[in-house]
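S.K.: coordinates only, sequence not included:
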């Protein structure tokens with residue numbers, strides 16, 4: 001089957017960075033220069049094409065990852081613009097799972113900021129090769145070399161600049177291409193569309209030569225033939241240098257670094273050239289590995305149109321026109337409109353009604369999608385994020401995705417009976433779209449509790465409920481998602497006995513467990529039964545009861561985490577033992593052991609980074625101390641008279657912090673938060689919290 005674009009000329013990339021580094025502005029320029037749009041939308045005007053949601057345009061931030069396709073140098077570039085706010089890191093996670101390469105955007109003033117580190121680590125986890133773009137070189141305090149140093153220090157990366165800036169701040173006028181040794185000039189009257197190259201200014205020639213020598217040394221390390229040629233003093237051609245840079249990039253040994261100012265239309269086209277030259281095509285990516293659900297044997301699928309279909313659903317979204325959209329990445333085979341494919345998780349076939357090429361919230365219909373492409377499909381009803389769609393005759397299950405646990409909750413209740421139905425529908429739809437949005441009912445109060453990754457995350461979801469689903473609801477104050485754990489080992493016994501007294505079958509289950517803290521993290525169950533004290537057919541019921549009990553701790557009913565439970569003994573009755581009895585006995589054993597294991601309450605702690613004018617630093621630090629924060633350091637940022645304050649603060653003490661920090665700094669401070677870890681709740685706080693529980 002012939003393809004519209006050869007596989008080696010396809011690039012699947014993501015634009016990722018810390019909030020306000022300029023990702024969406026950069027993407028808007030890419031779309032303009034590739035002819036996808038004829039007018040650049042600006043984030044600050046609420047007119048960016050990729051920020052199409054009402055909530056994104058009002059807040060000036062990216063909330064949901066948006067996909068688009070454009071063409072550059074006869075290559076098809078599929079782009080996903082990802083959010084930068086930590087509350088929406090899940091959107092980055094699932095995008096990186098299906099992308100072949102990424103462009104990391106750094107602010108030339110702020111450098112490598114907290115969310116930059118997070119998304120970089122996510123990309124590393126999926127083995128995604130990267131380019132870097134140092135943006136905002138026109139800002140006061142811009143420091144290109146400082147960003148390179150921070151990439152080494154904070155990310156452990158090996159930056160390989162292929163460009164250097166000419167000037168910085170008000171004096172920034174263009175860039176020097178170190179591979180071709182030419183100055184690139186961007187005509188402002190054509191909005192940067194016309195790019196000319198001239199000789200390097202005399203006063204920068206020696207500096208450019210030194211940078212070029214460094215670039216070549218880094219690049220040829222990954223090409224033996226070129227390394228030998230370089231060592232013998234032979235001159236390398238432009239093609240050879242680019243080949244070496246590509247080899248190092250694909251091996252994730254170096255990170256080519258570009259620079260510019262997207263808002264001023266400087267440096268975008270060379271970055272696009274870099275995407276085409278240095279980032280991988282689907283052919284350069286190792287064959288994807290999965291498991292045959294029936295034989296349980298490992299299988300691989302390469303990017304071949306003639307191979308059996310294997311596609312990963314990485315996002316589910318609601319569209320006001322076409323309904324439920326499922327975004328998929330095809331790893332092998334082709335997907336045809338009006339065909340049916342197997343979802344191994346549900347063991348059901350899903351019919352593909354339409355195949356859409358996405359451009360933000362607009363679509364283009366396709367008859368067929370091929371290996372290596374990212375498309376959205378209409379039709380699948382039960383396919384969820386992380387599911388595989390495959391050829392029914394050649395089934396395979398691709399590795400799914402894991403997402404972080406929510407840390408903030410609020411209670412929500414409908415105002416009227418009619419709103420109750422709408423609320424239920426809205427919660428179901430939003431839960432399908434967002435795996436980090438969790439809904440549950442409080443057993444004690446009957447309240448509906450919704451949980452998410454932060455205040456902003458829940459605020460946006462509640463706003464969507466009211467606008468998109470016309471739900472009228474009362475929303476409670478944010479609550480911290482506490483956890484419980486144990487600090488010492490303990491044993492527990494659970495006996496569930498209901499004698500029948502000759503009136504039919506009774507119930508009998510007897511379980512003995514050993515519980516201990518799990519230093520490796522997470523909850524584990526181990527079966528150490530010997531001598532047939534519990535028949536093997538009941539062990540799974542015991543495990544089910546134990547894992548169920550760990551969902552509700554003994555201090556305040558919060559989930560127990562980082563616990564290892566070993567089944568060590570018990571007894572059974574030939575006549576009365578049942579699965580239900582052993583499940584109940586497992587639950588009882590956990591509760592007894594947990595009470596004796598010195599349980600403690602844990603609270604989520606976040607990292608805070610506040611950038612504040614120097615004169616307000618004292619007030620900011622005093623406020624952080626009052627909130628129970630720990631100051632980890634302060635530093636002057638980029639030579640400006642502003643201070644970057646780093647601290648860790650209990651999450652519960654940060655609710656409403658946006659208002660406080662504006663008040664303390666006359667509106668001039670900005671801050672970011674990032675989940676750090678769970679920590680033991682101080683004794684004084686615990687006593688205050690448990691005063692009304694009556695359980696201590």
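M.R.: Thanks, I have the structure now. Predicted, not measured: the structure shown is a model, and the values here were computed from it.
S.K.: need phi/psi at the closest residue to residue 323 other than its chain neighbours.
M.R.: Leaving aside its chain neighbours, residue 323 sits nearest to residue 378 (6.6 Å; criterion: C-beta to C-beta, 6 or more residues apart in numbering). Placement of C-beta: from N, CA and C, glycine included. When read as degrees, to the nearest 10, the backbone of residue 378 gives phi -110, psi 130.
S.K.: ok, now which ones touch residue 375?
M.R.: 327, 328, 330, 335, 355, 356, 357, 358, 366, 369 (C-beta atoms under 8 Å, 6 or more residues apart in numbering).
S.K.: ugh, wrong one, I meant residue 374
M.R.: Counted by C-beta under 8 Å, 6+ apart, residue 374 has contacts 12, 67, 78, 80, 98, 327, 328, 329, 330.
S.K.: among those residues, name the ones in helices.
M.R.: Counting by DSSP state H, no part of these is found in helices.
S.K.: can you list the residues you listed in CSV and add pLDDT, neighbour count and distance to residue 274?
M.R.: Formatted as CSV, the contacts of residue 374 follow (pLDDT from 0 to 100; neighbours: other C-beta atoms under 10 Å; distance: C-beta to C-beta, whole Å):
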residue, pLDDT, neighbour count, distance to residue 274
12, 93, 27, 15
67, 77, 22, 21
78, 90, 23, 16
80, 83, 28, 18
98, 87, 23, 21
327, 88, 23, 26
328, 92, 26, 27
329, 92, 26, 23
330, 94, 24, 25
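S.K.: make a markdown table from these and add distance to residue 315 to it.
M.R.: Shown next, in a markdown table, are the contacts of residue 374 (distance: C-beta to C-beta, whole Å):
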| residue | distance to residue 315 |
| --- | --- |
| 12 | 14 |
| 67 | 9 |
| 78 | 14 |
| 80 | 9 |
| 98 | 9 |
| 327 | 4 |
| 328 | 9 |
| 329 | 10 |
| 330 | 14 |
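S.K.: need the max-distance pair from those residues.
M.R.: The largest separation in the contacts of residue 374, counting by C-beta to C-beta, is between 80 and 330 at 15.0 Å.
S.K.: rounded mean pLDDT for stretch 616-624, please.
M.R.: Stretch 616-624 shows a mean pLDDT of 89.
S.K.: what residues does that stretch touch?
M.R.: Residues contacting stretch 616-624 (C-beta under 8 Å, 6+ apart): 608, 610, 612, 631, 634, 643, 645, 647, 649, 660-661, 664-666, 668-669.
S.K.: buried ones among those?
M.R.: Neighbour-count burial (16 or more other C-beta atoms under 10 Å) applied to those gives 608, 610, 612, 634, 643, 645, 647, 649, 661, 664, 665, 669.
S.K.: among those residues, which are in strands?
M.R.: If you go by DSSP state E, the buried ones among the contacts of stretch 616-624 have 608, 610, 612, 634, 643, 645, 647, 649 in strands.
S.K.: quick check: of the residues you listed, which lies closest to residue 559?
M.R.: Nearest to residue 559 out of those is residue 649 (C-beta to C-beta; 22.4 Å).
S.K.: touching, that closest one and residue 606? I think so.
M.R.: Yes: applying C-beta atoms under 8 Å as the test, residue 649 and residue 606 come out as touching, 6.0 Å apart.
S.K.: tell me the one of the contacts of residue 375 nearest residue 259?
M.R.: Closest to residue 259, out of all of the contacts of residue 375 and judged by C-beta to C-beta, is residue 358, at 29.8 Å.
S.K.: in which helix or strand does that closest one reside?
M.R.: Residue 358 is part of strand 354-359, with elements assigned from DSSP states H and E.
S.K.: which residues in the stretch 301-450 of the chain form helices?
M.R.: Ranges of helices within the stretch 301-450 of the chain are 417-433, based on DSSP state H, counting those that start in this stretch.
S.K.: again, but for the stretch 51-200 of the chain
M.R.: Along the stretch 51-200 of the chain, the stretches classed as helices by DSSP H, counting those that start in this stretch are 54-59, 89-96, 114-125, 144-155.
S.K.: mind checking those helices for the one nearest to residue 544?
M.R.: With C-beta to C-beta as the criterion, residue 544 lies closest to helix 89-96 of the helices of the stretch 51-200 of the chain, at 28.0 Å.
S.K.: just the residues contacting the closest one, thanks.
M.R.: Contacts of helix 89-96 (C-beta under 8 Å, 6+ apart): 14, 16, 63-65, 80, 82-83, 102, 115, 118-119, 122-123, 125-126, 128, 314-315, 385-386, 401, 403-404, 434-436, 453.
S.K.: what does stretch 430-446 give?
M.R.: With C-beta under 8 Å, 6+ apart as the test, stretch 430-446 has contacts from 90, 315-318, 324, 384-386, 401, 403-404, 406, 411, 427, 447-453, 457, 461, 464-465, 557.
S.K.: if you rank every helix and strand of this structure by mean pLDDT, what lands last?
M.R.: helix 54-59 (a mean of 46; mean pLDDT, DSSP states H and E).
S.K.: thinking again about what came up before, just the buried members of the contacts of helix 89-96?
M.R.: For the contacts of helix 89-96, buried by 16+ other C-beta under 10 Å: 14, 16, 63-65, 80, 82-83, 102, 115, 118-119, 122-123, 128, 314-315, 385-386, 401, 434-436, 453.
S.K.: now, these that are in strands?
M.R.: Using DSSP E, the subset of these located in strands is 14, 16, 80, 102, 314, 315.
S.K.: residue contacts, the fifth one?
M.R.: In this case it means residue 314. Per C-beta under 8 Å, 6+ apart, neighbours of residue 314: 94, 95, 97, 98, 327, 328, 329, 385, 386, 401.
S.K.: so what's the residue count around the third one?
M.R.: When you say that, I think you mean residue 97. Using other C-beta atoms under 10 Å, residue 97 is surrounded by 21 other residues.
S.K.: looking at it now. What's its pLDDT?
M.R.: The model reports residue 97 with a pLDDT of 85.
S.K.: touching, it and residue 127? I think so.
M.R.: No: using C-beta under 8 Å, residue 97 makes no contact with residue 127, being 10.9 Å away.
S.K.: roughly how far apart are the spatially most central residue of the chain and residue 630?
M.R.: The structure's the chain has its C-alpha centroid closest to residue 93; by C-alpha atoms, centre = their mean the separation is 2.6 Å. Distance, residue 93 to residue 630, using C-beta to C-beta, to the nearest Å: 28 Å.
S.K.: circling back: now distance to residue 533 too, for the helices of the stretch 51-200 of the chain, in TSV please.
M.R.: Below are those laid out as TSV (distance: least, C-beta to C-beta, whole Å):
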stretch	distance to residue 533
helix 54-59	57
helix 89-96	43
helix 114-125	42
helix 144-155	53
